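Enquirer: just to be clear, the model below is a prediction. Sequence and coordinates:
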Amino acid sequence: MAAEGVKRAVLEMGQDRLRSYSVTAWLMSHPLWALACLLVLFFLLSGLLRRSTNCVPARQSVAPSPEGKAKEAPQ
C-alpha cells in the first residue's frame, strides 16, 4: 500500500535526522532536561529582547500646529 511506503519514508527520515543531530536525540530521550533547556532559553531571549527595547530611545511625537507647520517638541 501507498500508506506503508509513506510511513516508512517518514520514519526513515526521522531516524536519519536523529542520527545526524545527536543533540536532538538526546533531548528527545531526556524530556525533563529538554524542558529545562527550553525554559532557560526562553528567559534568556526574553531578557535580551527586554534589554534591546530599552536601549532604543522613544521618539517624541510632534504635534501639528493650526497653521499646518509642525511645532518642535518641548525639550
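Expert: Done, it's in. Small disclaimer: the values here were computed from a predicted structure and weren't measured.
Enquirer: quick one, helices of the protein?
Expert: Ranges of helices in the chain, per DSSP state H, are 2-20, 22-29, 31-55.
Enquirer: tabulate the ones you listed in a markdown table, adding columns for mean neighbour count and mean pLDDT.
Expert: Placement of C-beta: from N, CA and C, glycine included. Converted to a markdown table, the helices of the chain look like this (neighbours: other C-beta atoms under 10 Å; pLDDT from 0 to 100):
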| stretch | mean neighbour count | mean pLDDT |
| --- | --- | --- |
| helix 2-20 | 10 | 87 |
| helix 22-29 | 12 | 79 |
| helix 31-55 | 10 | 88 |
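Enquirer: what residue lies at the spatial centre of the chain?
Expert: Centroid-nearest residue in the chain, with C-alpha atoms, centre = their mean: residue 45, separated by 7.8 Å.
Enquirer: gap between that residue and residue 17?
Expert: Residue 45 sits 24 Å away from residue 17, going by C-beta to C-beta, to the nearest Å.
Enquirer: equivalent analysis for residue 8, please.
Expert: In terms of C-beta to C-beta, residue 8 sits 15 Å off from residue 17.
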